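Peer 1: Here you go, sequence then predicted model.
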Amino acid sequence: MRRAACALALTLAAAAALFAPAAVSRAIDLRDIPTVVVDAGHGGEDGGVTGRLTGVKESDLNLAVALVLGEYLESAGMRVVYTRVNADALTSGEFDKRRDMHLRAEIIARAAPDAVVSIHMNTFPDHSRRGAQAFYDAGDEEGARLAAAVQEMLNDDFNLPDAGRGFSALAADKFLLRESAAPAVIVECGFLSNGEDEAALTDPLYRARLAYTVFRAITAYLSSRGA
């Protein structure tokens, strides 16, 4: 645990040196202190998908990105509520996926946030598929706006230079998106079925860059709403 904490601290320090000045300049545009729920998908016995080459667990990468994203948001003066902050599941005893998801929804409801961001990793049978993509609930107009803001910046910073193409934010029928009263987005950070994405996502500095891009999109969205 101490070793992991040191690694996270080093990652944040390096990322802050690269990206922090822009984060501070964007923070002054926010009128009030917004609340953002950062959800690290999966956890505990539910490891999610695994890396095709390294066997890395999605749940571990989700948490790593979520914690860095939360640090950026907090550095900008926002209140951050995490659904989980370690490798454990939200449920105790025998793992219950349904209960786990409902606990996440309860955390969101109690936080009454301005935005919700759920971090995940993707997989696909075609190993050539790569890139980061944002998803929203079809009935949530503000969620669609948040997802579009995230997707635009992911395209500019990663998809276009790395994969040679951009993507559109997509509607998805997902429990967490449906249950959130606040604008919510799922960010699939890349494909663990693709070797290039997997190599990038296991690099702490790449994850910090990705978290910073999502952070910029959230602040831009909240600023546009006057949050």
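Peer 2: Nice, thanks for sending it over.
Peer 1: And what about the most centrally placed residue in the chain, helix, strand or coil?
Peer 2: By Cα atoms, centre = their mean, the chain has its centre lying nearest to residue 119, at 3.2 Å. Using DSSP: H, G, I helix; E, B strand; the rest coil, the secondary structure recorded for residue 119 is strand.
Peer 1: Look up which residues are beta-bridged to it.
Peer 2: In this entry, residue 119 is beta-bridged to residue 40, residue 187, by DSSP bridges.
Peer 1: so it touches residue 62, yeah?
Peer 2: Yes - at 4.7 Å, residue 119 counts as touching residue 62 under the criterion of Cβ atoms under 8 Å. From N, CA and C alone the C-beta is placed, and that goes for glycine too.
Peer 1: From the structure, what's the count of residues near the residue nearest to residue 122 when sequence neighbours are not counted?
Peer 2: Closest residue in space to residue 122, ignoring its immediate chain neighbours: residue 188 at 4.1 Å, by Cβ to Cβ, 6 or more residues apart in numbering. By other Cβ atoms under 10 Å, the residues close to residue 188 number 22.
Peer 1: before we move on, back to that, which neighbours do residue 119 and residue 62 share?
Peer 2: Both residue 119 and residue 62 are contacted by 40, 41, under the criterion Cβ atoms under 8 Å, 6 or more residues apart in numbering.
Peer 1: Between its first and last residues, how far does stretch 46-53 reach?
Peer 2: 20 Å (Cα to Cα, to the nearest Å).
Peer 1: Buried residues in it, which are they?
Peer 2: Buried residues in stretch 46-53, counting neighbours by 16 or more other Cβ atoms under 10 Å, are found at 46, 48, 49, 50, 51, 52.
Peer 1: Could you do stretch 124-131 as well?
Peer 2: 127, 130, 131.
Peer 1: Can you tell me which of those residues is nearest residue 68?
Peer 2: For the buried residues of stretch 124-131, the minimum distance to residue 68 (Cβ to Cβ) is 19.8 Å, reached by residue 131.
Peer 1: What strand or helix carries the closest one?
Peer 2: Using DSSP states H and E, residue 131 sits within no helix or strand.
Peer 1: correct me, but residue 187 touches residue 119?
Peer 2: Yes - under the criterion of Cβ under 8 Å, residue 187 makes contact with residue 119 at 5.7 Å.
Peer 1: quick one, what contacts residue 198?
Peer 2: 51, 52, 53, 54, 56, 190, 191, 192.
Peer 1: Correct me if wrong: the fourth one contacts residue 202.
Peer 2: It refers to residue 54. Yes - using Cβ under 8 Å, residue 54 is in contact with residue 202, at 6.3 Å.
Peer 1: Looking at those two, which is more packed in?
Peer 2: residue 202 (17 against 13).
Peer 1: distance of the nearest residue to the more buried one once chain neighbours are set aside from residue 196?
Peer 2: Nearest-residue entry for residue 202: residue 56, 5.8 Å, with adjacent residues in sequence omitted and distances by Cβ to Cβ, 6+ apart. Taking Cβ to Cβ, to the nearest Å as the measure, residue 56 falls 14 Å from residue 196.
Peer 1: neighbour-wise, which of these two wins?
Peer 2: residue 56 (18 against 14).
Peer 1: still on that earlier bit, need the buried residues of stretch 124-131 in TSV (columns: pLDDT).
Peer 2: TSV is the format used below for the buried residues of stretch 124-131 (pLDDT from 0 to 100):
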residue	pLDDT
127	97
130	97
131	97
